[in-house]
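# model the structure of this input:
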Amino acid sequence: MDLKSTNASPVLTDPAPINKSRLGIHSSLLPFSQSGASFSSGLLMTPRKKPGKLDDVRSNGWLDAMISSSPPSKKMLKDFNVEVASNDSDIAYNSWMVKHPSALNSFEQIISRARNKKVVMFLDYDGTLSPIVDDPDRAFMSDEMRSTVRNLAKHIPTAIISGRSRDKVYELVGLTELFYAGSHGMDIMCPVRGAESVDPSSCIKTTDHQPAREFLPMIDEVFRTLVENTKDVKGAKVEHHKFCASVHYRNVDEKNWPTIAQCVHDVLDGYPRLRLTHGRKVLEVRPVINWNKGKAVEFLLDSLGLSSSDDVIPVYIGDDKTDEDAFKVLREGYQGYGILVSSVPKETKALFSLKDPSEVKQFLQCLVRWKGQNELLL
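From the prediction side, this is the model:
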């Protein structure tokens, strides 16, 4: 199955303003400085320097966004003068579940619309197929989960859409039957026909869709600068995801979170064509182009010849802010189902929810059994 080629050029967009929802969740598109040199073939290396005034990351909302996307201890909230909600967490979660019911409990409702239609599955990786762990290099999916995803792909076109580099998420999943979209959908490859019998490396060499290719030199440079500028912050880890760079602060002492934010702020100050997004205890630097996980879903559906079909039910399961772009596309454009993986209330465009990767596995297994039974009846 070959991906359709596209000549569409990426569209540069301005970042959205900060929006604080009623649950305290900020927009994933946060402000950055418009000063500094523009992208050219002769890039200037940002020199290593001590972080600037920590007031920068407080005044522009970065620190608030880090806290809201990565729930910290009560002590940290007090230290940073952030108000702590007094609502009981169980009551809040149960109330939230009324609006976003369990996809397991709602399985019959979901498949009732899927009968006689083409189901397409989109899955995030971290926090969805694998648990969130302190070391991102050890975020392994279980053998049972891998077997479940493999069986799913036998019945349903399945894609992994991750913030990780495409090659890294492929290495972690190790299934050649799938579509892979890395770097938040900026690096896409299709499965090889007869993939079960081919050398996995051949899957990596298939044709790519890379709408941010021109940013590769810039991301390389920013990655090196971030590594240098954060090397003295204990616990900080910088990852290169090919079309984006991630700064993890999960293992950084809470009192040093402002320092990490300021380091990233100071680097981005010289790159107006890059923007910051937030994930679970991670700051991600990405190109400012009109491309995200939602665009990747649209591209893959088009590649499957299903973008204009009334007989398709796309399902997307993810746990992070960057998955909201895909939830929005499914909800507004394709009448599909977004499923948020979360054990706490979050502002989301997903229709349903699952608590953790173990429930994701159960849901996928239910889907496999349902598809298998239907195919036996045909």
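
# where exactly do the helices run in this structure?
55-59, 62-69, 74-79, 89-99, 107-114, 143-155, 166-173, 200-204, 216-229, 257-268, 293-303, 324-329, 357-377 (DSSP state H).

# output those in a markdown table; the columns should cover mean neighbour count and distance to residue 242.
Just so you know, the C-beta spots here come from the backbone N, C-alpha and C atoms, and that holds for glycine as well. Converted to a markdown table, the helices of the chain look like this (neighbours: other CB atoms under 10 Å; distance: least, CB to CB, whole Å):
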| stretch | mean neighbour count | distance to residue 242 |
| --- | --- | --- |
| helix 55-59 | 16 | 26 |
| helix 62-69 | 22 | 23 |
| helix 74-79 | 12 | 32 |
| helix 89-99 | 12 | 35 |
| helix 107-114 | 15 | 34 |
| helix 143-155 | 17 | 23 |
| helix 166-173 | 20 | 7 |
| helix 200-204 | 13 | 12 |
| helix 216-229 | 19 | 7 |
| helix 257-268 | 23 | 18 |
| helix 293-303 | 23 | 14 |
| helix 324-329 | 23 | 19 |
| helix 357-377 | 16 | 25 |
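
# now for those, which one comes closest to residue 136?
Nearest of these to residue 136, taken as CB to CB: helix 166-173 at 9.2 Å.

# ok, and what's touching that closest one?
Residues outside helix 166-173 that contact it (CB atoms under 8 Å, 6 or more residues apart in numbering) are 125, 129-130, 139-141, 146, 149, 160, 162, 164, 180-183, 187-189, 200, 203-204, 241-242.

# and with 6 Å instead?
In this structure, residues lying in contact with helix 166-173 by CB atoms under 6 Å, 6 or more residues apart in numbering are 125, 160, 162, 180, 182, 187.

# tell me, how many residues neighbour the third one?
Looking back up the chat, that one is residue 162. Residues lying near residue 162 (other CB atoms under 10 Å) number 30.

# list the residues that contact it.
125, 169, 182 are the contacts of residue 162 under CB under 6 Å, 6+ apart.

# at 10 Å instead, please
123-126, 128-129, 168-170, 172-173, 180-185, 187, 241, 293, 318, 320, 322 (CB atoms under 10 Å, 6 or more residues apart in numbering).

# so where's the chain uncertain?
For the chain, the stretches with pLDDT under 70 are 1-60, 69-88, 192-208, 375-378.

# could you dump the contacts of helix 166-173 to JSON lines with distance to residue 311?
What follows is these, written out as JSON lines (distance: CB to CB, whole Å):
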{"residue": "125", "distance to residue 311": "28"}
{"residue": "160", "distance to residue 311": "24"}
{"residue": "162", "distance to residue 311": "28"}
{"residue": "180", "distance to residue 311": "25"}
{"residue": "182", "distance to residue 311": "29"}
{"residue": "187", "distance to residue 311": "29"}
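
# out of those, who's the most crowded?
Ranked by neighbour count under the definition other CB under 10 Å, these are headed by residue 162 with 30 neighbours.

# tell me how far that one lies from residue 148.
17 Å (CB to CB, to the nearest Å).

# show me the domain layout of the protein.
Here the domain parsing of the chain from the TED database is 92-192+291-376, 214-287.

# nearest to residue 63, of the ones you listed?
domain 214-287 (5.8 Å).

# any idea how far residue 336 is from the closest residue to residue 298 other than its chain neighbours?
The shortest distance from residue 298 to any non-neighbouring residue, by CB to CB, 6 or more residues apart in numbering, is to residue 329 (6.1 Å). Separation of residue 329 from residue 336 (CB to CB): 8 Å.

# okay, and the common contacts of the two?
Shared contacts of residue 329 and residue 336 (CB under 10 Å, 6+ apart): 122, 297, 301, 314, 316.

# quick one: which two of the residues you listed are the most distant?
Counting by CB to CB, the most remote pair of the shared contacts of residue 329 and residue 336 is 301 and 316, 11.0 Å apart.

# find residues that contact each of the two.
120, 122, 159, 329, 330, 334, 336.

# tell me the contacts of the first one?
With contact set as CB under 10 Å, 6+ apart, residue 120 has these partners: 156-159, 179, 297, 300-301, 304, 306, 312-316, 334, 336.

# ok, now the fourth one?
Under the criterion of CB under 10 Å, 6+ apart, the contact list for residue 329 reads 122, 292-298, 301, 314, 316, 336, 338, 349.

# hang on, the earlier thing: nearest to residue 62, of the domains of the chain?
So among these, domain 214-287 is nearest, using CB to CB, at 4.8 Å.

# how distant is that closest one from the center of its chain?
For domain 214-287, the separation from the chain centroid amounts to 16 Å (computed by CA atoms, centre = their mean, to the nearest Å).

# again with stretch 291-304
Distance, centroid of stretch 291-304 to centroid of chain: 14 Å (CA atoms, centre = their mean).

# would you mind writing the CA trace of it as PDB?
Extracted in PDB, the C-alpha atoms of stretch 291-304 (Å, rounded to 0.1, in the frame of the first residue of the first chain):
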ATOM      1  CA  TRP A 291       1.000  20.500  10.400                       C
ATOM      2  CA  ASN A 292       0.200  18.400  13.400                       C
ATOM      3  CA  LYS A 293      -1.300  15.000  14.400                       C
ATOM      4  CA  GLY A 294      -4.600  16.100  13.000                       C
ATOM      5  CA  LYS A 295      -3.100  16.800   9.600                       C
ATOM      6  CA  ALA A 296      -1.300  13.500   9.800                       C
ATOM      7  CA  VAL A 297      -4.700  11.700  10.300                       C
ATOM      8  CA  GLU A 298      -6.100  13.500   7.300                       C
ATOM      9  CA  PHE A 299      -3.100  12.600   5.200                       C
ATOM     10  CA  LEU A 300      -3.200   9.000   6.100                       C
ATOM     11  CA  LEU A 301      -7.000   8.700   5.500                       C
ATOM     12  CA  ASP A 302      -6.400  10.300   2.100                       C
ATOM     13  CA  SER A 303      -3.600   7.900   1.400                       C
ATOM     14  CA  LEU A 304      -6.000   5.000   2.200                       C
END
